[in-house]
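> Sequence and predicted structure are below.
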Amino acid sequence: MSKKNKDIEVKIEETEKKVNGETITVSTLTIGKKEIGQVMAQETKKFVVVIDGRNEATMKTLDEAIEYIIRQWNLND
């Protein structure tokens, strides 16, 4: 018998953060009370994915970055 997939709510909270004198938008992804990753927007229209304090990847769109974080969480959890 196969298991049913469970719906999991992922919250995305946007905040402004100052880095090197620049104000950037940081999107923090959480599941329950656990932070699973962050996406930082860059001026070059790219998005940096940060998981566990490490820069993991650079993506072209915010959606790709969010999908990447969720994929990594599914693999490692």
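Received the coordinates, thanks.

> could you pull out the strands for this structure?
According to DSSP state E, the chain carries its strands in the segments 10-19, 22-31, 34-41, 47-51, 54-59.

> List the buried residues of the second one.
Buried residues in strand 22-31, counting neighbours by 16 or more other CB atoms under 10 Å, are found at V26, S27, L29. In this view, the C-beta of every residue, glycine as well, is placed from N, C-alpha and C.

> ok, the last one to K3 distance?
Relative to K3, L29 is positioned 24 Å away (CB to CB, to the nearest Å).

> do the same with the second one
Taking CB to CB as the criterion, S27 is separated from K3 by 30 Å.

> same thing with the first one?
V26 is 35 Å from K3, where distance means CB to CB.

> ditto for W73
18 Å.

> With neighbour numbers in mind, choose between those two.
W73 (17 against 5; other CB atoms under 10 Å).

> what sits against the closest residue to the more buried one other than its chain neighbours?
Leaving aside its sequence neighbours, W73 sits nearest to I36 (CB to CB, 6 or more residues apart in numbering; 4.5 Å). Listed by CB atoms under 8 Å, 6 or more residues apart in numbering, the contact set of I36 reads V10, L29, T30, I51, I69, I70, Q72, W73.

> what's around the fifth one, how many residues?
In other words, I69. 24.

> my guess is it meets F47, correct?
No. At 10.5 Å, I69 does not count as touching F47 under the criterion of CB atoms under 8 Å.

> tell me, what's touching these two both at once?
V39.

> Now do the residue nearest to I8 when sequence neighbours are not counted against K46, distance only.
For I8, ignoring the flanking residues on the chain, the nearest one in space by CB to CB, 6+ apart is I31 at 5.9 Å. Counting by CB to CB, the gap from I31 to K46 is 25 Å.

> do the same with K3
K3 is 37 Å from K46, by CB to CB.

> now Q38
From Q38 over to K46 (counting by CB to CB), the distance is 14 Å.

> which one of the two has more residues nearby?
Q38 (21 against 13).

> The more buried one against T30, yeah?
No. Assessed by CB under 8 Å, Q38 is found out of contact with T30, at 10.0 Å.

> Find me the pLDDT at N55, would you?
As predicted, N55 sits at a pLDDT of 88.
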